[in-house]
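Colleague: I'd like to go over a predicted model; first the sequence, then the structure.
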Amino acid sequence: MTTTPTTPALTMRDVVLTFPDGDDRITAVDHATFTVNRGELIAVTGPSGSGKSSLLAVASTLIRPDSGSIVLGGTQLAGISGRQAAAIRRERLGIVFQQPNLLGSLTAIEQLEMTRHLVGWWKHRPSRKDTRNRARDLLGRLDVADAANRTVSALSGGQRQRVNIARALMHSPELLVVDEPTSALDSTRSQAVMDLLLELVREENVGTLLVTHDRDAAARADRELVMTDGVLDTPRHDALAVAAG
Ligand SMILES: Nc1ncnc2c1ncn2[C@@H]1O[C@H](COP(=O)(O)OP(=O)(O)OP(=O)(O)O)[C@@H](O)[C@H]1O
């Protein structure tokens, strides 16, 4: 395991995102400044409509902000083309949204193996054998090895969410962006998913931004950032580190 806790996975500085709202504009993200390091999990919390999903969309290159700087592992994302953004999402990001977008007819292991065809994994496509080994390893670490050969339609909500997380980690992303991973789960299952996720964040050395309404999940994170009306409450030491860096 490589542990480089102070290597930034993603740094945002003064990021602003607005949406049209009649003749006016709504500020969904208001000068967000923070860093998530490799091997660190940050929980983003806040009331409904405060801008959490908008922040994730910007972090995962799905929406271009109006202004500000976003650096992913040394790459400035402001001003990149749609094609470059798509390549970054495929090769360097892991994205887990609320509804697992798995294909019902494929088995769990096939969902993971499919990523071999989507990403230029480690800049070159891995062999089928390496892909299968990686998929088996991740399913095992997420405690769903038993589900490997079952189709997604035969899995429980919690198992689907774990398969979804395993798939997002297949290509060893630098940044994992997770929206409400435990919203459909009861509290025992959601604690189990959070524990596994935290373990994987360390083992895979992936920076993780996780939006959650779940107080227990937020409490387990390394840090919590609270959004209110688009404004991120940034811990002072983090803001200073960003300013100095
Ligand atoms: N595509 C859009 N067009 C216009 N306004 C939008 C769009 N997406 C979000 N907004 C507005 O931006 C603000 C932030 O929304 P966002 O979905 O990011 O909040 P949230 O904190 O994720 O909410 P929730 O917890 O309910 O998912 C809200 O006022 C919302 O209405």
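Modeller: Everything's here; your move.
Colleague: How about the residues of this structure by the ligand?
Modeller: When proximity is defined as C-beta under 6 Å from any ligand atom, the chain approaches the ligand at 19, 26, 28, 46, 48-54. (C-beta placed from N, C-alpha, C; glycine too.)
Colleague: Among the residues you listed, which ones are in strands?
Modeller: 19, 26, 28 (DSSP state E).
Colleague: my guess is the second one contacts residue 18, does it?
Modeller: In this case it means residue 26. Yes. Taking contacts as C-beta atoms under 8 Å, residue 26 lies within contact range of residue 18: 6.3 Å.
Colleague: Within its sheet, name the partner strands of the helix or strand hosting residue 178 and how each one runs.
Modeller: Applying DSSP states H and E as the criterion places residue 178 in strand 175-179. Strand 175-179 has its sheet partners listed here by DSSP bridges as strand 93-96 (parallel), strand 207-211 (parallel).
Colleague: any idea which of those is most buried?
Modeller: Among these, strand 207-211 has the highest mean neighbour count (mean count of other C-beta atoms under 10 Å), at a mean of 27.
Colleague: returning to that earlier point: please pick the buried ones from the ones in strands among the residues of the chain next to the ligand.
Modeller: residue 28 (16 or more other C-beta atoms under 10 Å).
Colleague: Can you lay out the ones in strands among the residues of the chain next to the ligand as JSON lines showing distance to residue 104 and pLDDT?
Modeller: JSON lines is the format used below for these (distance: C-beta to C-beta, whole Å; pLDDT from 0 to 100):
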{"residue": "19", "distance to residue 104": "33", "pLDDT": "96"}
{"residue": "26", "distance to residue 104": "36", "pLDDT": "96"}
{"residue": "28", "distance to residue 104": "33", "pLDDT": "97"}
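Colleague: those strands in this protein, which residues are they?
Modeller: 8-21, 24-37, 41-45, 67-72, 75-76, 93-96, 175-179, 207-211, 223-228, 231-233.
Colleague: Describe which strands the shortest one pairs with in its sheet and in which direction.
Modeller: Within its sheet, and counting by DSSP bridges, strand 75-76 is paired with strand 67-72 (antiparallel).
Colleague: Just give me the neighbour total for the closest residue to residue 92 other than its chain neighbours.
Modeller: Closest residue to residue 92 apart from its sequence neighbours, by C-beta to C-beta, 6 or more residues apart in numbering: residue 174 at 5.1 Å. As a burial measure, residue 174 scores 22 neighbours (other C-beta atoms under 10 Å).
Colleague: mind putting the strands paired with strand 175-179 in TSV, mean pLDDT included?
Modeller: Listed next are the strands paired with strand 175-179 as TSV, based on pLDDT from 0 to 100:
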stretch	mean pLDDT
strand 93-96	92
strand 207-211	96
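Colleague: Let's have the ones in strands among the residues of the chain next to the ligand in TSV, adding distance to residue 199.
Modeller: Below are these laid out as TSV (distance: C-beta to C-beta, whole Å):
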residue	distance to residue 199
19	37
26	38
28	32
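Colleague: And stretch 113-132, end to end?
Modeller: Using C-alpha to C-alpha, to the nearest Å, one end of stretch 113-132 lies 6 Å from the other.
Colleague: ok so, going back, are any of the residues of the chain next to the ligand buried, and if so which?
Modeller: 28, 46, 50-54.
Colleague: Nearest to residue 148 among those?
Modeller: residue 53 (31.2 Å; C-beta to C-beta).
Colleague: List the residues that contact that closest one.
Modeller: Listed by C-beta atoms under 8 Å, 6 or more residues apart in numbering, the contact set of residue 53 reads 179, 211.
Colleague: beta partners for residue 24?
Modeller: Under the criterion used here (DSSP bridges), residue 24 is bridged to residue 21.
Colleague: related to what we said a few turns ago, which members of the residues of the chain next to the ligand are the farthest-apart pair?
Modeller: 19 and 46, at 16.9 Å, using C-beta to C-beta across these.
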